[in-house]
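Trainee: what would the 3D arrangement of this be:
(chains A and B)
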Amino acid sequence: MFTFLSRRPLLALALTGAFAFSPAQAADEPIKIGAIYIMSGSAASYGKFAEQGIRLAMDEINGSGGVLGRQLALQLEDGQGKAAVAIQAARKLVYQDKADVLMGLDSSGVAQGLVPVLPELQKPFIITHAATPDVTGKLCNAYTYRVSVNVHQNMQGAAAVAAKTGAKKWTTIGPDYAFGHQSWEFFSKYLKEKSPDAELMKETAFPRFGAEDFTPFINGVMENKPDGVLISLWGGDLVNFVRQANNRGFFKQGFQVLLTVGAATEVLTALGDQMPEGVWLGTRYWYGAHDNELNKKFVAAYQKAYGTPPSYNAEGAYIAVHAFKAAAEKAGSVDGKAVAKALSGLSIPAPTGTLAFRSADNQALIGPTWGRTGPMNTQDKIRSLTDVQAFDGAKITPPADPACQLKPL
Amino acid sequence: MGSIGMALLNSLDIGLLLFVIAVGLNIIFGVLNIINFAHGALYMLGAYLAYSCIGMWGMPFWLTLLIAPLAVAALAVAIDRLMLRFIYQRDISDSLLLTFALLLILNESVRLVWGTGIYVVDPPTLLQGTVHFPGGITYPIYSLFVVGVGLVFLVGLWFLFNRTRLGKIMRAAALDREMAQVLCINTRTVITGAFAFGAWLAAVGGVVAAPMRAIDPGMGDKIIIESFIVVVIGGLGSFPGALLGAIVLGLIYGLGGRFLPDVNLVLPFVGMAIVLLLKPHGLLGKGAAS
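Mentor: Sure thing, here's the model as predicted:
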């Protein structure tokens, strides 16, 4: 053992160092936020918007005295949209970087893998994008919170929009993982409740995430002649889909088209006027939908800082930092357990109105926004949304899943 | 009938685009004995250059198709002179490591230059719109153009390798580098040229794909996986193998996506597994050159 160490002086030094300095935190040391988003690959723009949202919130908070008198610092990790990578990143953030709070996650598949690991890390995790109901359902735990709209909430909105269109025969095109399948499952459930005579077709299409060519699926749906199509593709997939669908005249077939996360500014900016008019778009947050002071201030500050309107991912990340601040101040400390406890049932003002975590499952009671694409918004160079409807989270969120049994901390 | 026809046509444009990209991978493997992990990144670079030329500087599509792949080929010459030439004689796993590093460098460079946003490029006016075939088949003109490009390359490459001196020199260098050298062939130039040519093919694929695919930082990683499936099915290093593999994968995507949408995710891998079980070197492969 000792000869081993003596041959490797640097290693010995490092080991000594690790034991010599205890991680006692000085009051002037910054509080560390550990964030995990997709920062590379096709969906990297989602991660970038999230980072911008976090930095905007941090600048606001740090500029007005920080949290409990301490500044906030950010450590950002690329989860690559892979569960194994995200789990490793979370462990690194907590054990090596000593993060005080964790946030992030763009993919439902990643969230399903990471959430069960969180109790072991003993730091609160605020999910800001991933939408699978499982993480506030059967996989829920006392360290996991979600500020963003989940599939239940979004599909309640989608079903309400779908029922109003009067279309009877519905099918779907969605990515072949949790998000795509669960979107269709809950859309079917809620649509049946709202219009019992709706027909949910057996012929559905779930292309693989990142499929590049969606033409076979587009042709399939067009030949099945539905009255309405629910599409839960997102990111580069959605951009590919819309362009290839335009090529085939998909949007001119007379059926209703609902893009469940279509009003992501990441996608709308890329597509410009290639996003057709008259398509229903859902989103977790729409910058033009909320007429309150906080939203106006947020949108103005965001546009000033980054020259583009905030996407839903930016808003989710922004509000998560504020939620952490509120919880830490309520708890009077940044101890993981104390903050997690303080987050339970917490209610804070947000651009979408008051945002409240439900203490039964730690899901924020917020609603999606749905609207129909209209003429180009020449200032932001994206399609405008008309008939905008912001759903009230308190009304549309279904009761907490009984499968979620939170153990008190 | 119409739906099968449409699916077949769709398979053809998917397959032939893959062929142009994968054949470059095969040429590089054949001549350099290197499995080029960065091939997808070179394809992506072609597409991003197309976005800059067409979308930002207003260059015509046709000029871009000429210039962008040449720029990527020039970069490939530099890559070969600065990096690859040191590992020609090494084990193939070294080239995997090196080209994987290259892939990371290129991916990150693209992100630094163009950011993380998703971009789109419009097809040239001449190629916009759809055509109608008998049997109720509508088909985008641009996809027809992609099929045309694929066929031109198919014939052109066949001619190059079988009927021209240059092609024969490349094949000679691939078969036995030392013997070629003894016969006064400047193998150094041939090898660099083959790598640049393979990269050029990838970039042509990127420019051709730009008007119909979303240009995003992940597009290279997607195409490299598909190209590997193509060469595994068709046979590594085989020219007809690249064609066969690309057509098979095109059919798997085109017909599978249309008629078996529920299992489309696994079909390419099932196809690959079946081929590997029956013919471990691919349908037309002769095994890795020693």
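Trainee: of all the residues in the stretch 51-200 of chain A, which one is nearest chain B?
Mentor: Nearest to chain B, among the residues of the stretch 51-200 of chain A, is A:Asp176, at 4.9 Å (CB to the nearest CB). C-beta: built from backbone N, CA, C; applies to glycine.
Trainee: quick check: that residue is in a strand.
Mentor: No - according to DSSP: H, G, I helix; E, B strand; the rest coil, A:Asp176 belongs to no strand; its state is coil.
Trainee: quick check: closest non-adjacent residue to it.
Mentor: Leaving aside its sequence neighbours, A:Asp176 sits nearest to A:Phe206 (CB to CB, 6 or more residues apart in numbering or on different chains; 4.0 Å).
Trainee: and the one you found, how many neighbours?
Mentor: Other residues within reach of A:Phe206, judged by other CB atoms under 10 Å in any protein chain shown, total 22.
Trainee: also A:Ser195?
Mentor: A:Ser195: 16 neighbours (other CB under 10 Å).
Trainee: any idea how far the closest residue to it other than its chain neighbours is from A:Ala356?
Mentor: Leaving aside its sequence neighbours, A:Ser195 sits nearest to A:Ala163 (CB to CB, 6+ apart; 4.5 Å). Distance, A:Ala163 to A:Ala356, using CB to CB, to the nearest Å: 27 Å.
Trainee: what sits against residue 258?
Mentor: Using chain A here. Neighbouring residues of A:Leu258 by CB atoms under 8 Å, 6 or more residues apart in numbering or on different chains: A:158, A:161-162, A:228-231, A:279-282.
Trainee: that's the other chain; I wanted chain B
Mentor: B:Arg258 sits next to A:216-217, A:219-220, B:3, B:6-7, B:10 when contact means CB under 8 Å, 6+ apart.
Trainee: now those residues as JSON lines including distance to B:Leu276, secondary structure and pLDDT?
Mentor: JSON lines is the format used below for the contacts of B:Arg258 (distance: CB to CB, whole Å; DSSP: H, G, I helix; E, B strand; the rest coil; pLDDT from 0 to 100):
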{"residue": "A:Pro216", "distance to B:Leu276": "25", "secondary structure": "helix", "pLDDT": "92"}
{"residue": "A:Phe217", "distance to B:Leu276": "27", "secondary structure": "helix", "pLDDT": "93"}
{"residue": "A:Asn219", "distance to B:Leu276": "30", "secondary structure": "helix", "pLDDT": "91"}
{"residue": "A:Gly220", "distance to B:Leu276": "29", "secondary structure": "helix", "pLDDT": "91"}
{"residue": "B:Ser3", "distance to B:Leu276": "31", "secondary structure": "helix", "pLDDT": "84"}
{"residue": "B:Met6", "distance to B:Leu276": "31", "secondary structure": "helix", "pLDDT": "88"}
{"residue": "B:Ala7", "distance to B:Leu276": "26", "secondary structure": "helix", "pLDDT": "91"}
{"residue": "B:Asn10", "distance to B:Leu276": "26", "secondary structure": "helix", "pLDDT": "92"}
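Trainee: among those, which one lies nearest to A:Ala84?
Mentor: A:Ala84 has its nearest neighbour among those in A:Phe217, at 28.5 Å by CB to CB.
Trainee: same for the helix or strand harbouring the residue nearest to A:Ser195, what does it pack against?
Mentor: For A:Ala163, the host element (DSSP states H and E) is helix A:151-165. Here helix A:151-165 touches helix A:178-194, strand A:228-231, strand A:256-259, strand A:280-283, strand A:369-377, helix A:393-396, going by 3 or more CB pairs under 8 Å, 6 or more residues apart in numbering or on different chains; DSSP states H and E.
Trainee: which other helices and strands contact the second one?
Mentor: With contacts defined as 3+ CB pairs under 8 Å, 6+ apart, the packing partners of strand A:228-231 are helix A:151-165, strand A:169-173, helix A:178-194, strand A:256-259.
Trainee: mind listing the strands that strand pairs with, and their directions?
Mentor: Here strand A:228-231 has these sheet partners by DSSP bridges: strand A:169-173 (parallel), strand A:256-259 (parallel).
Trainee: can you list contacts of it?
Mentor: So strand A:228-231 is contacted by A:158, A:162, A:165, A:167-174, A:183-184, A:187, A:221, A:238, A:241, A:255-260, A:262 (CB under 8 Å, 6+ apart).
Trainee: whichever helix or strand comes after it: how far from the chain's middle?
Mentor: Following strand A:228-231 in sequence order, the next helix or strand is helix A:236-248 (DSSP H and E). Taking CA atoms, centre = their mean, to the nearest Å, the mean C-alpha location of helix A:236-248 is offset from the chain mean by 23 Å.
Trainee: and for stretch B:153-169?
Mentor: Mean C-alpha position of stretch B:153-169 versus that of the full chain (CA atoms, centre = their mean) differs by 17 Å.
Trainee: same check, this time on stretch B:174-194
Mentor: Using CA atoms, centre = their mean, the offset of stretch B:174-194 from its chain centre is 23 Å.
Trainee: and the closest residue to A:Val257 other than its chain neighbours, how close does it get to A:Ala270?
Mentor: Spatially, and ignoring its direct neighbours in sequence, A:Val257 is nearest to A:Val279 (4.8 Å; CB to CB, 6+ apart). A:Val279 sits 15 Å away from A:Ala270, taking CB to CB as the criterion.
Trainee: now swap in B:Ile21 and tell me
Mentor: Relative to A:Ala270, B:Ile21 is positioned 23 Å away (CB to CB).
Trainee: again, but for A:Ala84
Mentor: Following CB to CB, the distance that separates A:Ala84 from A:Ala270 is 29 Å.
Trainee: also B:Leu276?
Mentor: Taking CB to CB, one finds B:Leu276 at 38 Å from A:Ala270.
Trainee: neighbour-wise, which of those two wins?
Mentor: Counting neighbours by other CB under 10 Å for B:Leu276 and for A:Ala270 shows that A:Ala270 has the greater number, 25 against 13.
Trainee: contacting residues for the closest residue to chain B within the stretch 201-350 of chain A?
Mentor: Chain B sits closest to A:Pro216 of the stretch 201-350 of chain A, with a gap of 3.0 Å, by CB to the nearest CB. Neighbouring residues of A:Pro216 by CB under 8 Å, 6+ apart: B:7, B:10, B:253-258, B:261, B:264.
Trainee: tally of neighbours for the closest residue to it other than its chain neighbours?
Mentor: Nearest residue to A:Pro216 in three dimensions, chain neighbours excluded: B:Gly257, at 3.0 Å (CB to CB, 6+ apart). B:Gly257 has 27 neighbours, counted by other CB under 10 Å.
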